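Peer 1: Only the shape, not the letters, is given here:
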Ligand SMILES: Cc1cc2nc3c(=O)[nH]c(=O)nc-3n(C[C@H](O)[C@H](O)[C@H](O)COP(=O)(O)OP(=O)(O)OC[C@H]3O[C@@H](n4cnc5c(N)ncnc54)[C@H](O)[C@@H]3O)c2cc1C
């Protein structure tokens with residue numbers, strides 16, 4: 001017996017997938033979402049990030065949490081997993097980039113992106129409940145002092161965030177959608193946003209877009225990883241998507257789904273891996289653009305920080321990212337925190353080295369350690385790392401890129417994964433402005449400024465904002481999808497997530513991904529206006545796919 005056919009199969013339930021699902025389900029389409037991760041309730045999140053089985057996602061080690069860490073040759077990527085995608089683990093920050101970003105060479109000049117996305121930014125901001133952070137905690141005050149020390153006090157600002165600032169820990173009827181949404185609980189500023197909000201104050205996608213997608217009939221299947229995408233014919237008839245059960249030891253196969261259209265929204269790494277596998281391994285999509293996996297960006301990011309020896313300080317209260325500033329026109333710095341007791345990332349920190357190369361930076365690091373052994377021993381033994389540490393997230397719009405291919409590397413020797421290579425100029429493994437900021441931060445908090453170890457020892461920076469790999473373009477020579485998100489050579493196959501973005505944004509990307517998905521979904525007519533029985537091709541407003 002043939003399985004039920006959906007109008008849209010959506011792969012991944014992060015920002016791109018959830019927005020598309022809600023808008024298309026609302027328009028009357030039959031929508032199914034396949035999600036590799038699990039579905040979580042507030043009480044399912046770990047209390048501390050030391051609880052690896054609940055915090056990390058690595059099914060081979062029976063870890064079924066929300067935080068995935070992928071190691072590429074020249075980049076360490078943090079990304080989210082689960083029903084709600086990266087929204088479960090993200091730091092709530094929802095910023096609109098400056099309009100000048102859309103003038104970067106990657107954005108096709110056929111559209112006025114800043115103008116076209118304008119109303120969609122507004123809709124997405126409303127849906128995600130964007131509001132300025134209302135509580136400047138100790139970390140945020142340190143960030144203000146840092147902006148003063150870097151002589152740009154006027155650029156300091158509280159972040160725009162998706163958090164419900166009702167009465168702390170008090171449940172109220174839905175405050176966002178005229179009572180139609182779920183009940184909500186006010187933020188208690190515990191700082192747990194990035195290990196999973198335990199009170200439900202974070203506006204994760206399951207509390208807005210996915211909630212309404214379900215109300216409009218969308219079905220969500222957690223624990224299924226999409227594996228093969230098989231088109232029935234080159235004209236884009238019915239697609240079949242096969243799945244694998246992500247919790248099973250042996251990756252046993254799951255159900256297959258049939259759909260008139262498929263939207264790949266598996267996040268930048270998930271989407272690139274899926275498309276590369278289907279082009280190069282299974283050969284089910286052999287005509288995908290040669291640019292799949294190219295033009296990946298790290299949002300020009302570096303992570304740094306400083307740990308204080310002053311036990312009176314408590315940097316773990318507040319929301320994950322409460323304040324930011326711009327040390328120069330191309331750079332943004334945000335102050336980040338983890339909740340008290342969540343010190344897992346302490347092993348990532350090594351002494352700040354300043355500028356240098358792959359030889360001089362490790363030398364300097366060891367020199368620091370051996371010339372101040374007691375200081376570093378004390379740092380290593382500090383009781384509550386999260387309480388004592390301010391992390392700096394530095395983002396730049398300067399353009400550097402990676403290319404990903406399928407392959408094995410030392411990080412995925414036993415299974416086929418992604419391998420990266422430099423495309424053009426290599427990603428910077430240090431940013432001079434970041435080094436300066438961390439040094440000054442160390443002075444402010446009376447502690448030890450630090451780099452991420454992989455950056456110093458392996459010249460591998462870390463990013464939580466991976467972008468690109470299936471970018472929008474004008475032809476298969478410069479992109480993987482067209483300006484309406486349809487994959488070149490595959491009518492009815494779309495990509496809508498961080499992988500579409502063709503430049504660094506220099507701000508956190510989720511609001512842009514949501515706005516682009518709002519624009520994408522707005523291109524479809526409501527389902528009543530077309531006869532899906534007769535036509536395999538949906539009409540896009542004014543443009544036919
Ligand atoms: C610790 C951390 C903090 C962050 N903080 C912020 C922040 O404050 N502000 C901000 O804007 N951004 C932040 N981000 C980044 C943000 O989470 C991502 O940019 C955003 O979630 C990307 O959205 P997306 O739609 O591309 O996909 P994602 O949200 O990554 O969702 C993709 C989903 O697809 C699923 N998937 C992958 N492959 C498959 C497959 N084959 N089959 C089925 N499902 C699959 C994944 O499990 C995942 O759930 C943060 C990220 C991290 C890790």
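Peer 2: Happy to help now that I have it. These numbers were taken from a predicted model, which means no experiment stands behind them.
Peer 1: where are the low-confidence patches of this structure?
Peer 2: 1-3, 233-237, 409-416, 528-545 (pLDDT under 70).
Peer 1: and with 50 instead?
Peer 2: By pLDDT under 50, the weakly predicted segments of the chain are 1, 529-545.
Peer 1: any chance you could map the helices in it?
Peer 2: For the chain, helices defined by DSSP state H occupy the ranges 15-26, 52-55, 113-127, 138-149, 209-215, 267-276, 360-371, 373-381, 385-388, 432-445, 453-458, 510-522.
Peer 1: Out of these, which one sits most buried?
Peer 2: helix 15-26 (a mean of 28; mean count of other C-beta atoms under 10 Å). From N, CA and C alone the C-beta is placed, and that goes for glycine too.
Peer 1: is that one anywhere near the ligand?
Peer 2: Yes. Helix 15-26 lies within reach of the ligand by C-beta under 6 Å from any ligand atom, at 15, 16, 17.
Peer 1: For that helix, enumerate the helices and strands it packs against.
Peer 2: strand 5-11, strand 31-35, helix 209-215, strand 257-264, helix 510-522 (3 or more C-beta pairs under 8 Å, 6 or more residues apart in numbering; DSSP states H and E).
Peer 1: what packs against the third one?
Peer 2: Taking 3+ C-beta pairs under 8 Å, 6+ apart as the contact definition, the neighbouring helices and strands of helix 209-215 are helix 15-26, strand 31-35, strand 219-222.
Peer 1: Which single residue of the stretch 101-250 of the chain ends up nearest the ligand?
Peer 2: Per C-beta to the nearest ligand atom, residue 226 is where the stretch 101-250 of the chain lies closest to the ligand, at 3.7 Å.
Peer 1: same deal with the stretch 51-200 of the chain?
Peer 2: When distances are taken as C-beta to the nearest ligand atom, the stretch 51-200 of the chain reaches nearest to the ligand at residue 86, 2.1 Å away.
Peer 1: Quick check: that residue touching residue 79?
Peer 2: Yes. Counting by C-beta atoms under 8 Å, residue 79 is a contact partner of residue 86 at 6.1 Å.
Peer 1: For the stretch 201-350 of the chain, which segments count as strands?
Peer 2: Using DSSP state E, counting those that start in this stretch, the strands of the stretch 201-350 of the chain run over 219-222, 224-231, 239-245, 257-264, 302-308, 321-328, 331-336, 349-351.
Peer 1: Residue 388 is nearest to which of those?
Peer 2: Residue 388 sits nearest to strand 302-308 of all the strands of the stretch 201-350 of the chain, at 4.9 Å, using C-beta to C-beta.
Peer 1: Please tell me how far residue 391 sits from residue 447.
Peer 2: 12 Å (C-beta to C-beta, to the nearest Å).
Peer 1: Settle it for me: which of the two has more neighbours?
Peer 2: residue 391 (26 against 22; other C-beta atoms under 10 Å).
Peer 1: beta partners of the more buried one?
Peer 2: The partner list for residue 391 in beta bridges (DSSP bridges) reads residue 305, residue 336.
Peer 1: can the helices and strands packed on helix 15-26 go into JSON lines with extra columns for distance to the ligand?
Peer 2: Below are the helices and strands packed on helix 15-26 laid out as JSON lines (distance: least, C-beta to the nearest ligand atom, whole Å):
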{"stretch": "strand 5-11", "distance to the ligand": "5"}
{"stretch": "strand 31-35", "distance to the ligand": "5"}
{"stretch": "helix 209-215", "distance to the ligand": "11"}
{"stretch": "strand 257-264", "distance to the ligand": "8"}
{"stretch": "helix 510-522", "distance to the ligand": "3"}
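Peer 1: just to revisit the earlier point, so which of the helices and strands packed on helix 209-215 gets nearest residue 312?
Peer 2: Closest to residue 312 of the helices and strands packed on helix 209-215 is helix 15-26 (C-beta to C-beta; 39.0 Å).
Peer 1: Would you mind pulling the contact partners of that closest one?
Peer 2: Applying C-beta atoms under 8 Å, 6 or more residues apart in numbering, the contact partners of helix 15-26 are 7-8, 10-11, 13, 31, 33, 35, 84-87, 124, 127, 205, 209-210, 212-213, 216-218, 263, 265-266, 496-498, 500, 510, 513-514, 516-518, 520-522, 524.
Peer 1: hmm, back to that, Serialize the strands of the stretch 201-350 of the chain to JSON lines and add fields for mean neighbour count.
Peer 2: Output for the strands of the stretch 201-350 of the chain, formatted as JSON lines (neighbours: other C-beta atoms under 10 Å):
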{"stretch": "strand 219-222", "mean neighbour count": "18"}
{"stretch": "strand 224-231", "mean neighbour count": "21"}
{"stretch": "strand 239-245", "mean neighbour count": "20"}
{"stretch": "strand 257-264", "mean neighbour count": "25"}
{"stretch": "strand 302-308", "mean neighbour count": "26"}
{"stretch": "strand 321-328", "mean neighbour count": "22"}
{"stretch": "strand 331-336", "mean neighbour count": "25"}
{"stretch": "strand 349-351", "mean neighbour count": "22"}
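Peer 1: buried sites along stretch 284-302?
Peer 2: Buried residues in stretch 284-302, defined by neighbour count with 16 or more other C-beta atoms under 10 Å: 284-285, 288-289, 291-302.
Peer 1: so what's the closest residue to residue 344 other than its chain neighbours up against?
Peer 2: Sequence neighbours aside, residue 49 is the residue nearest to residue 344 in space, at 4.3 Å (criterion: C-beta to C-beta, 6 or more residues apart in numbering). Residue 49 makes contact with 55, 67, 195, 338, 342, 343, 344, 345 under the criterion C-beta under 8 Å, 6+ apart.
Peer 1: Count residues in the vicinity of the second one, would you?
Peer 2: A total of 26 residues lie near residue 67 under the criterion other C-beta under 10 Å.
Peer 1: and if you look at the third one?
Peer 2: Residue crowding around residue 195 was assessed by other C-beta under 10 Å; the count is 27.
Peer 1: List the contacts of it.
Peer 2: 45, 46, 48, 49, 55, 66, 67, 89, 338, 339, 342.
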